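**Q** Next come a sequence and a model predicted from it.
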Amino acid sequence: MTYQPRPDRYDTLSYRRCGHSGLKLPAISLGLWHNFGGVDRLENARTLLRTAFDGGITHFDLANNYGPPPGSAEETFGRVLAQDFLPYRDELIISSKAGYGMWPGPYGDWGSRKYLLSSLDQSLRRMKLDYVDIFYHHRPDPETPLEETMAALDHIVRSGRALYVGLSNYPAALTRQAAGLLRSLGTPCLIHQPKYSMYERWIEAELLGVLREEGIGAIVFSPLAQGLLTDKYLRGIPEGSRAATPGTFLKPDQITPVKLEQIGRLGDLARARGQTLAQMALAWVLRHSEVTSALIGASRPAQITDALGALDAPAFDSGELERIEQILSGQM
Ligand SMILES: NC(=O)c1ccc[n+]([C@@H]2O[C@H](COP(=O)([O-])OP(=O)(O)OC[C@H]3O[C@@H](n4cnc5c(N)ncnc54)[C@H](OP(=O)(O)O)[C@@H]3O)[C@@H](O)[C@H]2O)c1
C-alpha cells in the first residue's frame, strides 16, 4: 500500500538551527548504525523509518560502513526511500560518512581525497541518490594532511555530491583548525557529530566552546549510551538487546552493579519529572544550546515514539541538574 505520511507530522517536534547556518534539524534524529543491515528484517527497518517520519523526524544519519555487512544500511535506506519517501525527498536531511575501513587496499580507509570521493560515490549508488544533504569525515586521520581532507570536503560540495559537510569524532583543537580551513575554502563546517551522554562527557571540557565560537552545530550520538540510559537492563540483559548481540560495542561487562544503581536512581528522578529515563537522558543532552539534535538509534517503533516526547516536560531546574550530578558521581 502506498505510504501516506501523517499530515500532522510537523506539529509537535521542535526544529533547531544548526550553528550559524540556514539549516534546522529536528531535536531528535534517527541513525541507521544498527537494525538496518542486510542481516535485519527489511519490514522492521521500513516501519522504523515511517514511524520516525510520521513523528516529524526529518533527519536520517548513515555511514558507508553501517550494516552488517558494511554498506547494507545504505542499501536498505535506498530501498525504503524508493518505496516510501521519494515524494518527500526535499523534506529529508540524509547524511553519510567515510573515515573508517570500508574496502581492502590503501584507498578504502582514513581521510585521503581518493577515499572520500570514491566512498561517497559508492554511498550515492547504494542509496540511489544524486546527493546527500550532509557528508562527514567520520574520524580524524593522523597521517593525511588536514588540508587535503578539508579540500576534498569542499570539492564534494562544489561538485554537487553534498549540500553541507561535517566532522565527526574530531577533538576540539583539530575542529578549530579544520573549521578555519573549510571557511577559507568557502565551504563552512555545518556540524560536528561527537559521542555525548550522561556517561560520555568529553565534549563539555572544550569542544562545545569551540563549536559555539565557530558557529558549528552539534548532533550528539549514542545519547542513551546505546540503551543503558533506559530501563532496558534493570532486570538483566534481554534477549535480542544490543548488549546480548555479539559484534556490537555494548558489552555485558559494561553493565555494572554501580551503573544499574545509578540508572535506577536516574529513573526515579525521571518519573518525578513525568518522563521516562530515555526521555530525560535526551532532554539532558539537549539542554545545551550548542546541541542541535540528539541522534538516537532504535530497534522498535515504540523506542522512537518514546524519544519524541523528550522535550514535553519542563526544562531542568538547578536542583534536578545537581541531583543528576550527585547520582553520576556516586553520591547517591
Ligand atoms: N559518528 C560516529 O562515530 C557514530 C558512532 C556511533 C553511532 N553514531 C550514530 O548515532 C546513532 C545512534 O547511536 P546509538 O544507536 O548508539 O544511540 P542510542 O540512542 O544511545 O542507543 C540506541 C539503542 O538503545 C536502545 N533503546 C533506545 N530507546 C530505548 C527505549 N526507549 N527503551 C529501551 N531501549 C531503548 C535500543 O537498543 P536495543 O537494540 O537493545 O533495543 C537502541 O537501538 C547511530 O545510528 C549512528 O547514526 C555515530
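**A** In hand now; what should we look at?

**Q** tell me the pLDDT at the closest residue to Ser112 other than its chain neighbours?
**A** Distance criterion CB to CB, 6 or more residues apart in numbering; nearest residue to Ser112, sequence neighbours excluded, is Thr144 at 5.3 Å. All C-beta atoms are positioned from the backbone trio N, CA, C, and that covers glycine. For Thr144, the pLDDT comes out at 98.

**Q** Can you classify Thr144 by secondary structure?
**A** The local conformation at Thr144, judged by DSSP: H, G, I helix; E, B strand; the rest coil, is coil.

**Q** List phi and psi for it.
**A** Thr144 has phi and psi values of phi -70, psi 140 when expressed as degrees, to the nearest 10.

**Q** who touches the residue in the stretch 151-300 of the chain that the ligand sits nearest to in this structure?
**A** Nearest to the ligand in the stretch 151-300 of the chain, going by CB to the nearest ligand atom, is Gly297, at a distance of 2.1 Å. Shown in contact with Gly297 (CB atoms under 8 Å, 6 or more residues apart in numbering): 30-31, 33-35, 222, 224, 226.

**Q** In PyMOL, select just the buried ones from these.
**A** A single PyMOL command selects the buried members of the contacts of Gly297 (16 or more other CB atoms under 10 Å):
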select buried, resi 30+31+33+34+35+222+224+226
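
**Q** who touches Gln303 in this structure?
**A** The contact partners of Gln303, by CB under 8 Å, 6+ apart, come to 278, 296.

**Q** quick revisit: if I look at the residue nearest to Ser112, how far off is the ligand?
**A** For Thr144, the distance to the ligand (CB to the nearest ligand atom, to the nearest Å) stands at 18 Å.

**Q** what's the neighbour count on that residue?
**A** 18 (other CB atoms under 10 Å).

**Q** Over to Trp103?
**A** Count around Trp103 with other CB under 10 Å applied: 15.

**Q** now Gly99
**A** Gly99: 24 neighbours (other CB under 10 Å).

**Q** thought it was touching Trp110?
**A** Yes. Here Gly99 reaches Trp110: they are 6.8 Å apart, a contact under CB atoms under 8 Å.

**Q** list residues touching both of the two?
**A** In contact with both Gly99 and Trp110: Asp141, using CB under 8 Å, 6+ apart.

**Q** Now the residue of the stretch 151-300 of the chain closest to the ligand. Nearest residue, chain neighbours left out?
**A** Per CB to CB, 6+ apart, closest to Gly297 is Gly31, 5.2 Å.

**Q** you'd agree Glu261 is in a helix?
**A** Yes. Per three-state DSSP, Glu261 lies within a helix segment.

**Q** does it really touch Asp268, like I thought?
**A** No. Look at Glu261 against Asp268 with CB under 8 Å: they stay out of range, at 11.2 Å.

**Q** Now do the shared contacts for these two.
**A** Joint contacts of Glu261 and Asp268 (CB under 8 Å, 6+ apart) do not exist.

**Q** returning to what we had before: let me see the contact set for the residue nearest to Gly297.
**A** So Gly31 contacts 60-62, 221, 295-297 (CB under 8 Å, 6+ apart).

**Q** Can you say which two of the residues you listed are spatially most distant?
**A** Put simply, by CB to CB the two of the contacts of Gly31 set farthest apart are Leu62 and Ile296, 14.1 Å from each other.
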